[in-house]
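Undergrad: Whatever this is, show me its structure:
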Amino acid sequence: MLSTHLVFLPFTSYKLLQRYISSNLHVALALWAFCRVFALQQGIQISVSLQFAVFGFGWAAYQYLHVFVPVLYRQQPLTFAKGFPFLLALSLGFFGLMSQPLSIWIVFGFVGILTFCYALPFGEKMGLRFVPTLKIFVVALCWTTLAMLSLKALPESVFALEAVKALLWMICLMLPFELRDMQKDEPKLKTLPQLLGVHGVKILGTVLICVLAFLAFQTNQINVLLWVEWTMLLLLGIAIFSSSPRRHVVFTSFWVEGIPIMWFMLSVFVLTFD
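TA: Numbers count the residues shown, from 1 in each chain. Sure, this is the predicted structure:
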C-alpha cells in the first residue's frame, strides 16, 4: 500500500518515480549537491571536471552496490539495461578525473576501495556493511571525504570543523534509512536503531542536529547560507522524527535522499537574489 503522500500520484507517475530512484540517479545527484553546497558556503568554486568525477563515480558506486553485487554473487547474466548505466557512469567519472592531480586520484581510489569492500561480490552478506554497527559510518566517511576535496585549501581548523560537520550531516541523513530497515536488518548487525531503539535514535538525531546548528554558525562564511542550513536542519529533524519502519520506501529514498539537493537549490536561489 502506498503511503498517504503518494496516493495522489497517477500510477504511471509513480512507476516513473520508482524507475528514477532505482536508477540511482537521485542518490548520485544528492552526493553531487552535498559536495557543491559545502563549497558554496566557503565561497569556493568546484571545477566542472571535479563535479563530473564526483557525480560519475558516485553514480557508478551505487550501481555497483545495488545492481552489480547481486548479479555477481548470484551468478546471473548481466543485461545491457543493467550494464550500460554503470559504464556510462564510469565514463563520466574518468572524464572528470583525467584533468585532476595525483592527489585527487588517490582520494578517489581510497573511496573506491571502501565502496568495493562495503559490499563484496563473492557471496551473500559479505563486506563492511555486514560488520556490526559499521555500515552507517563507512557511508558517512565516503561522502565526507568527497565533500572535503574542494576545501583542502582552507585553514586546518576550519577544514577540521567542516569535516566534522559533513560527517555528522551524513549520519543524520542516514538515520531515517536505519529506522526504515530496522525490522529487516538482522539483529547481529547491531544498527543504531537496534542498539538504541526508535526513541533513542530520535533523541540522538536531535542532539546531533543541535551540534550541527552550532557548527553551521561557526563555519558558514556567507550569512544568508547560515539561515538556509538551519532551515535544512529543521527539515532533517522533521524527517528523523517522521521516520519509522512502517514508512514507505519513497519517503526515505526520494524525500530524505533529496534533502542535499533541496539544500543546494535553495542556496543557489538565495545567493542569486540576495
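
Undergrad: Poorly predicted segments of the stretch 101-250 of the chain, please.
TA: For the stretch 101-250 of the chain, not a single residue meets the criterion pLDDT under 70.

Undergrad: Could you pull out the helices in it for me?
TA: 102-118, 135-147, 156-180, 192-219, 223-242, 249-250 (DSSP state H, counting those that start in this stretch).

Undergrad: Identify the residues contacting Ile259.
TA: Counting by C-beta atoms under 8 Å, 6 or more residues apart in numbering, Ile259 touches 30, 173, 232, 235-236, 239. To be clear about C-beta, it is placed using only N, CA and C from the backbone, and glycine gets the same treatment.

Undergrad: could I get those as a markdown table with neighbour count and distance to Phe52?
TA: Formatted as a markdown table, these follow (neighbours: other C-beta atoms under 10 Å; distance: C-beta to C-beta, whole Å):
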| residue | neighbour count | distance to Phe52 |
| --- | --- | --- |
| Ala30 | 22 | 16 |
| Leu173 | 23 | 23 |
| Met232 | 21 | 25 |
| Leu235 | 16 | 28 |
| Leu236 | 22 | 28 |
| Ala239 | 20 | 29 |
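
Undergrad: Closest to the centroid, which residue in the chain?
TA: The residue lying closest to the centre of the chain (C-alpha atoms, centre = their mean) is Leu31, at 5.2 Å.

Undergrad: tell me the contacts of that residue?
TA: Each residue near Leu31 by C-beta under 8 Å, 6+ apart is listed here: 54-55, 58, 143, 146, 260.

Undergrad: Grab the nearest non-local neighbour of Asp274.
TA: Closest residue to Asp274 apart from its sequence neighbours, by C-beta to C-beta, 6 or more residues apart in numbering: Val224 at 5.1 Å.

Undergrad: in terms of contact, does that neighbour touch Phe273 like I think?
TA: No - look at Val224 against Phe273 with C-beta atoms under 8 Å: they stay out of range, at 9.8 Å.

Undergrad: what about those two, which has more around it?
TA: Shown here are Val224 and Phe273; by other C-beta atoms under 10 Å, Val224 has more neighbours (12 against 7).

Undergrad: Let me know the pLDDT of Leu9.
TA: At Leu9, the pLDDT value in this model is 55.

Undergrad: Start the count at 25 instead of 1 going forward.
TA: Sure, I'll start numbering at 25, so the last one becomes Leu33.

Undergrad: between whichever strand or helix holds Val61 and helix 247-266, how big is the angle?
TA: Using DSSP states H and E, Val61 falls within helix 49-65. In terms of direction (axes from the mean of the first three to the mean of the last three C-alpha atoms, to 10 degrees), helix 49-65 departs from helix 247-266 by 140 degrees.

Undergrad: Contact partners for the closest residue to Gly117 other than its chain neighbours?
TA: If the residues on either side of it in the chain are set aside, Gly117 comes closest to Gly80, at 3.1 Å by C-beta to C-beta, 6+ apart. Neighbouring residues of Gly80 by C-beta under 8 Å, 6+ apart: 113-120.

Undergrad: sec struct for Gly80, please.
TA: Secondary structure state of Gly80, per DSSP: H, G, I helix; E, B strand; the rest coil, is helix.

Undergrad: Kindly provide the distance from the residue of the chain most remote from its centre to Pro94.
TA: Distance from the centre of the chain peaks at Pro101, with 28.9 Å (C-alpha atoms, centre = their mean). Distance from Pro101 to Pro94, counting by C-beta to C-beta, to the nearest Å: 12 Å.

Undergrad: Of the contacts of Ile283, which is the nearest to Thr139?
TA: Proximity of the contacts of Ile283 to Thr139 (C-beta to C-beta) peaks at Ala54, which lies at 15.8 Å.

Undergrad: What pLDDT is listed against the closest one?
TA: 98.

Undergrad: sec struct for the nearest residue to it once chain neighbours are set aside, please.
TA: Spatially, and ignoring its direct neighbours in sequence, Ala54 is nearest to Pro284 (4.5 Å; C-beta to C-beta, 6+ apart). Classification of Pro284 using three-state DSSP returns helix.

Undergrad: Just give the number of residues close to Pro284.
TA: Counted with other C-beta under 10 Å, residues neighbouring Pro284 total 26.

Undergrad: Also the one 10 residues further on?
TA: The local packing count at Val294 equals 15, with neighbours defined by other C-beta under 10 Å.
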